[in-house]
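S.K.: what's the 3D shape of this:
(4 chains)
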Protein chains: 4
Amino acid sequence: MQNSRVPGKNFLFVPGPTNLPDRIVRAMAVASEDHRSPTFPDLVKPLFPGLKKVFGTEKGHAFIFPASGTGGWEAAITNTLSPGDKVLAQRFGQFSHLWIDLCRRQGLEVIVQERPWGTGNDPELIEETLKADKNHEIKAVLATHNETATGVTSDIGAVRKAIDAAKHPAMLFVDGVSSVASLEFKMDEWGVDVIVSGSQKGFMLPAGLLLMAASPKAIEKGKTNKGRRAYFEFQDMIAQNANGYFPYTPSVPLLYGLKESLNILFEEGLDQVYKRHHHLAEGTRAAVAAWGLKTCAKEPKWNSDTVTAIVVPEGFDAAKVIETAYKRYNLALGAGLSEVAGKVFRIGHLGDLNELMLLGAIAGAEMAMLDNGIKIQPGSGVAAAQAVYRANPLLKM
Amino acid sequence: MQNSRVPGKNFLFVPGPTNLPDRIVRAMAVASEDHRSPTFPDLVKPLFPGLKKVFGTEKGHAFIFPASGTGGWEAAITNTLSPGDKVLAQRFGQFSHLWIDLCRRQGLEVIVQERPWGTGNDPELIEETLKADKNHEIKAVLATHNETATGVTSDIGAVRKAIDAAKHPAMLFVDGVSSVASLEFKMDEWGVDVIVSGSQKGFMLPAGLLLMAASPKAIEKGKTNKGRRAYFEFQDMIAQNANGYFPYTPSVPLLYGLKESLNILFEEGLDQVYKRHHHLAEGTRAAVAAWGLKTCAKEPKWNSDTVTAIVVPEGFDAAKVIETAYKRYNLALGAGLSEVAGKVFRIGHLGDLNELMLLGAIAGAEMAMLDNGIKIQPGSGVAAAQAVYRANPLLKM
Amino acid sequence: MQNSRVPGKNFLFVPGPTNLPDRIVRAMAVASEDHRSPTFPDLVKPLFPGLKKVFGTEKGHAFIFPASGTGGWEAAITNTLSPGDKVLAQRFGQFSHLWIDLCRRQGLEVIVQERPWGTGNDPELIEETLKADKNHEIKAVLATHNETATGVTSDIGAVRKAIDAAKHPAMLFVDGVSSVASLEFKMDEWGVDVIVSGSQKGFMLPAGLLLMAASPKAIEKGKTNKGRRAYFEFQDMIAQNANGYFPYTPSVPLLYGLKESLNILFEEGLDQVYKRHHHLAEGTRAAVAAWGLKTCAKEPKWNSDTVTAIVVPEGFDAAKVIETAYKRYNLALGAGLSEVAGKVFRIGHLGDLNELMLLGAIAGAEMAMLDNGIKIQPGSGVAAAQAVYRANPLLKM
Amino acid sequence: MQNSRVPGKNFLFVPGPTNLPDRIVRAMAVASEDHRSPTFPDLVKPLFPGLKKVFGTEKGHAFIFPASGTGGWEAAITNTLSPGDKVLAQRFGQFSHLWIDLCRRQGLEVIVQERPWGTGNDPELIEETLKADKNHEIKAVLATHNETATGVTSDIGAVRKAIDAAKHPAMLFVDGVSSVASLEFKMDEWGVDVIVSGSQKGFMLPAGLLLMAASPKAIEKGKTNKGRRAYFEFQDMIAQNANGYFPYTPSVPLLYGLKESLNILFEEGLDQVYKRHHHLAEGTRAAVAAWGLKTCAKEPKWNSDTVTAIVVPEGFDAAKVIETAYKRYNLALGAGLSEVAGKVFRIGHLGDLNELMLLGAIAGAEMAMLDNGIKIQPGSGVAAAQAVYRANPLLKM
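M.R.: Next comes the predicted model:
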């Protein structure tokens, strides 16, 4: 129960859930209300065009399910595919792994291509694989826009180009849980058929809303496919949403929160939101370099602007750094997962953040590393990030 | 957007979502926090014994999914049954209907027994049916503890006795969405295998948490059954919950809300909670009688203590009463659904309610009926309810 | 600690503090901030024109002190008068009494004219008294726009006319604590020199802000008078407010609350606010008549639209009714004070209220009276109020 | 309107108002309630013993006025002294100056002794002055425990010893607005007759509550003195508080906030609260030294543990540093006031703070100084503070 720790604020730098802006906390502090009332659609209806703008789609259909992003992986495939269908996925982190696992539970046959952790989707390999699939048995390609476990962003537009270059009809499903509303996403332009996201990252809300969108092509598949679903049925949502309602009781505070989230995103401007995430990330990466450490991302082209995974030197345990940061300095860092457990700690830099918050976290990471014997120059990461931030501060005088 | 209407409070008397106590609104106004932190289990772990107490189980396992009650119907059957399995269900209202529909979507074969709307489960018919099922093809009996659409409560203990009397191994699955935490529920004593509830009724929370429990027998089924599930997998929850965590990001504010909900329920005392719901319901039924109207529940034994469906006289449209109440007096009443659409309006009297709130709603229902030409004596329902409430007030001097 | 009582809402029907709209609770849930920052005036500056609109003044100067209305009585006289100065006041209730007492503590000589409790200011007597004051020794007339203790509203415009008719230069100071923002107030038109109000009545805020305005004439007096003041010095406020600041640290949440209060008042429209208060009061008075009881206000012309004081029949103790209402039904009624202690109970009907809230309170008052043996017809008050409300409901379909 | 700025949190490092803990924001989000109800004293009564513990008094009487600390200066003297009385005060900063000014407005004769800004009370000079006051014309000595303008803490115990050494009956009045609940305060042991504080500093609340205490001797003076007061009358408070009520409407949310403030202070432990403030201050002072700058406090013995005033090098404008910090980095620093305007900027380090928050602020101050051309080593202040914090962190693993 973080919320009863004293004194002072917790520094929350896991890559989600992210900090709630006070405006969102306030917006969610609402009385309960009848979700079938004549005035409820005034709340609900404007949410969809707002979401579509964030997803970068005009043609697609946006969905709001009371669930988490994991539910979105399930919704994507059960609404469009049938047990036994083949899908192609590349694995390079814990979250690309988990989606593969979920597909198998749902009866899909997954062609898994292993990629080194610290890299992302390889469009050439996808193109080659699809070209070899003469009978078009592969029904969909699964891509992870931002692999949260390693701090790697993949080029989704390139994946689409690879599919098209292969002249293959496979759909493109994208996990954008830790990218959407923080990194640019262009569903229509990139030919994405299903994009899955959640409320607790770039949308700056608590977890609890699965936010996703599907292309007309993906929705059409639902008429004939044999994937079993009821809770996650697109058609029920489409029918009820058209009038501003839901097939079952929605979480009213989260809807008010989403309304305010969209207000905040559009007030700042999506372009500026993306620029800010890049700016904050650049400072973090400068700090890592000043410490003489490496990121998990193997090349700059893989750098994620929402999370940086930092490799601790050989002989040190990243889990100890994380434990020290949390217990001694009230700083929550992200852990290394699976293959990189104990090797990396992660700084999430997405959502409602500014430079001083991140400088406080960088200072805290320095202390936690120093306490664990990692030889870095105290203040060096802060100084390097300061230089980045001073060169182009978020706020202008 | 009810929450921007002025002046004064909305009178929320739909049978869920229910009024949020201020204590719960405050409890949910928390900062975001790391759901993998060392202190997070301090929040999570005590929730399960609390839930089990409310469900009336010591042997069962309680679950908290980020979903709605509808998801619970799906979780119940996908974790325990296989496509093609037979289940037995009686239909006597919109919610018993919807569960049947969901079962079919998930590939079950549902033996549907129609019962008059306004009545509930018929244990004798269940016993008879199960006795005739010599090969034990029926794997589960689905029962609706409280049919929200008609204001009818069924005797779940009697259903269990019927199954046992038939010496049949069928599991017993119960929809307790609008009963649990308002009406007594004894999972172990009644031999319930899966009980499904949601946060937005007796728990006095926003929607967003699916609260359910499963018996060891039901959980055991998950090892061999072929129902496809991933998001709703019991085993993932059991494994993570054991340490105070979740398989995917939970909604932190709702967990804090649930903690406070359990505090409130136990402070009042579950027995007193049940007595209060009966007390409030008795006043409502006295009002209906004073108006010279009938409830949808056909006999007193079916009376629900959480919701009363009131039949408007022949020739009047209940939908107009509801519209008038909402638009003119800011009173949200429940609509008649499906078979009883236009014939009944419903007063939900569950959750965080006291006598004066309900008297205000009864007064409002009177005005809405009068405005629509229904001949009732103004103030008569209020006076009848007052007599009930004065005889045994909730608070003692 | 009302706020921990369960279950359900408290029915708050004292004549202040009044119910906080959820919008105001949310607006006040703000982080602390620097009250000397360059952006703080964006919050502060628009409050003054808003307040002036509510007070009905263009010429006057509005003030926001961190204090209660009592402080406003003190500010009014210490900023304008000198010890030994004479003021004229009529006493007809507890609050007109208390102001007189405060004046004496501050060294003023108060000419007190007793008026029957249940009546208000007598302009003819004021005119006569001023005419007799040939040397213009009386420096100010104190009037109580709405005497909260008895539910009596006085005609302030008529008091001004009386002063003018006497061709007397006395200033006119008005206590509008329980009238401003609920009853029409026309400072300029009525020639009011100081109007005193507080945040916790018509403004629908917690107590803590003294809201007042002074005419140019009153402010000019501060340059030469000898009343001692520092905390309540008008000139310090005027100087700092001009730039959007305060001479000492203001209560930031209350300022945000005041901003939202003004938004709410202007969204509803001041005229509609006044009509609503009249409408709600008419229903209350109809209830009293149906019960066969009298109001403390001796004639209809004294009726207050913000509070009704109800005289219990001879032989009954109004304090017992109030105690029963609170302890048994969670209904807070106003007590009789001083001369009318034990004889009246009061229903405040001001602030953020609608018809159903008031009907709940009327129903509760009926129960409390019946429990104490007062012979009224159960439901009769509710029915009478319903008739008033149905004839012209606040919300239109 | 800081509260609408995006993105991220404001870094509030003025020496009050201080950051509100989330627990306090939640505690204040309460419904309105009747401040005369039978249950209200359950809230009110425990506040006084809690306050007395913080003030370090068993004999004294604690007061809660709806006002600011400035009102406390007025309450102190109007309740105990008469116009024309002499008081002795030393002036060494803006706040000691303002109290002197207020005393004069209230008709006192103030013997002012100028002390260099950057120093504090000189007990020897006080002793000497009092010894020379053979006729005991000096009725009170005014001392400023913590001069917020210069970051100087005076030794109040030594002032008392000086008075006693002079065998003089003068009362001792102390301004503890920016010290109480952050620095140790021992009213009884130090023989303080009136201590004045406010809610918006160490108590971590919004402004709006004047929190003070008076010795029996000071209260006794109120029976015969001629200071005019009504709003600030001690006797009215004492009479009403005894039963758990107030003479006029209190701010209910602030009282709930105060209850939670006391809970938080006692949970952390007052000794630990004082140690934490010292710890945070030591880091700040280490940063100043690392920058090669001086504090306004002229010697270490004057160092304040709640606020550090930092002197910018000759030729630079501290106001520009403050403006840059606020507008570019969303960091609110305290301005230099009066004599030190433009020469110093202040970092408040009191209230609900921890190390990382302060490190973020120190990093921000570095950036603002660098942007204005002040030659400091980037990250040097952070590194120096880190060393202090790592040596003895607030939280233990």
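
S.K.: Could you give the number of residues near whichever residue of the stretch 101-250 of chain A sits closest to chain D?
M.R.: Nearest to chain D, among the residues of the stretch 101-250 of chain A, is residue A:204, at 8.8 Å (CB to the nearest CB). The way it works is simple: take the backbone N, C-alpha and C, and place the C-beta from them, glycine included. Close neighbours of residue A:204, defined as other CB atoms under 10 Å in any protein chain shown, add up to 28.

S.K.: Help me confirm that it is found in a helix?
M.R.: No. Counting by DSSP: H, G, I helix; E, B strand; the rest coil, residue A:204 is not part of a helix but coil.

S.K.: what's in contact with the helix or strand where residue A:310 lies?
M.R.: Secondary structure assignment for residue A:310, by DSSP states H and E: strand A:307-311. Residues outside strand A:307-311 that contact it (CB atoms under 8 Å, 6 or more residues apart in numbering or on different chains): A:15, A:146, A:148-151, A:178, A:281, A:284-285, A:288, A:293-297, A:318, A:334, A:336, A:340, A:343-350, A:365.

S.K.: Return the subset of those residues lying in helices.
M.R.: A:281, A:284-285, A:288, A:318, A:365 (DSSP state H).

S.K.: Please see if stretch A:316-326 touches chain D.
M.R.: Yes. Stretch A:316-326 is in contact with chain D by CB under 8 Å from any CB of the partner chain, via A:323-324.

S.K.: That stretch and chain B in contact?
M.R.: Yes. On the criterion CB under 8 Å from any CB, stretch A:316-326 is in touch with chain B at A:323, A:326.

S.K.: Now that stretch: buried residues?
M.R.: A:316, A:318-326 (16 or more other CB atoms under 10 Å in any protein chain shown).

S.K.: Could you export that stretch as PDB, CA atoms only?
M.R.: Written as PDB, here are the backbone C-alpha positions of stretch A:316-326 (Å, rounded to 0.1, in the frame of the first residue of the first chain):
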ATOM      1  CA  PHE A 316      25.900  -6.600 -10.000                       C
ATOM      2  CA  ASP A 317      22.300  -7.500  -9.400                       C
ATOM      3  CA  ALA A 318      19.800  -5.100 -10.900                       C
ATOM      4  CA  ALA A 319      17.100  -6.500  -8.600                       C
ATOM      5  CA  LYS A 320      19.100  -5.100  -5.600                       C
ATOM      6  CA  VAL A 321      19.200  -1.700  -7.200                       C
ATOM      7  CA  ILE A 322      15.500  -1.800  -7.700                       C
ATOM      8  CA  GLU A 323      14.900  -2.900  -4.100                       C
ATOM      9  CA  THR A 324      17.100  -0.200  -2.700                       C
ATOM     10  CA  ALA A 325      15.500   2.500  -4.800                       C
ATOM     11  CA  TYR A 326      12.100   1.500  -3.600                       C
END
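
S.K.: For residue A:175, which non-adjacent residue is closest in space?
M.R.: Distances taken as CB to CB, 6 or more residues apart in numbering or on different chains place residue A:144 nearest to residue A:175, at 4.6 Å, with adjacent residues excluded.

S.K.: Next up, the contacts around the one you found.
M.R.: A:92-93, A:95-96, A:99, A:120-121, A:154, A:174-175.

S.K.: Equivalent analysis for residue A:216, please.
M.R.: Residue A:216 sits next to A:59-61 when contact means CB under 8 Å, 6+ apart.

S.K.: Residue A:26 now?
M.R.: Residue A:26 neighbours (CB under 8 Å, 6+ apart): A:260, C:26-27, C:29-30.

S.K.: nearest to chain B, of those?
M.R.: Closest to chain B, out of all of the contacts of residue A:26 and judged by CB to the nearest CB, is residue C:29, at 7.1 Å.

S.K.: related to what we said a few turns ago, what pairs with the strand holding residue A:310, and is each one parallel or antiparallel?
M.R.: Applying DSSP bridges, strand A:307-311 is found paired with strand A:294-295 (antiparallel), strand A:344-348 (antiparallel).

S.K.: Looking at these, which one is packed in the most?
M.R.: strand A:344-348 (a mean of 28; mean count of other CB atoms under 10 Å in any protein chain shown).

S.K.: pretty sure residue A:89 belongs to a helix, no?
M.R.: No. Secondary structure of residue A:89 (three-state DSSP): strand, not part of a helix.

S.K.: residue contacts, it?
M.R.: Contacts of residue A:89 by CB under 8 Å, 6+ apart are A:96, A:99-100, A:103, A:110-113, A:141-142.

S.K.: how about 6 Å then?
M.R.: Each residue near residue A:89 by CB atoms under 6 Å, 6 or more residues apart in numbering or on different chains is listed here: A:100, A:110, A:112, A:142.

S.K.: Show me which of these are buried.
M.R.: Judged by 16+ other CB under 10 Å, buried ones among the contacts of residue A:89: A:100, A:110, A:112, A:142.

S.K.: Among these, find me the one that's closest to residue A:77.
M.R.: residue A:142 (8.7 Å; CB to CB).

S.K.: Can you tell me the closest non-neighbouring residue to that closest one?
M.R.: Closest to residue A:142 by CB to CB, 6+ apart is residue A:89, at 4.1 Å.

S.K.: Quick check: beta-bridge partners of the one you found?
M.R.: If you apply DSSP bridges, the partners that residue A:89 bridges to are residue A:112, residue A:142.

S.K.: do you know how far it is from chain B?
M.R.: According to CB to the nearest CB, to the nearest Å, residue A:89 stands 15 Å off from chain B.

S.K.: Check residue A:314 too.
M.R.: Using CB to the nearest CB, one gets 25 Å for the distance from residue A:314 to chain B.

S.K.: Give me the neighbour count for the residue in the stretch 1-150 of chain A that chain D sits nearest to.
M.R.: The minimum distance from the stretch 1-150 of chain A to chain D, using CB to the nearest CB, falls at residue A:8 (3.0 Å). Number of residues near residue A:8 (other CB under 10 Å) recorded here: 21.

S.K.: Which helix or strand contains it?
M.R.: Judged by DSSP H and E, residue A:8 forms part of no helix or strand.

S.K.: That one - nearest residue in space that isn't next to it in sequence?
M.R.: residue D:354 (3.0 Å).

S.K.: how about the residues of the stretch 201-350 of chain A that lie near chain B?
M.R.: Residues of the stretch 201-350 of chain A that fall close to chain B, judged by CB under 6 Å from any CB of the partner chain: A:206-208, A:228, A:230-231, A:248-249, A:251-253, A:326, A:332.
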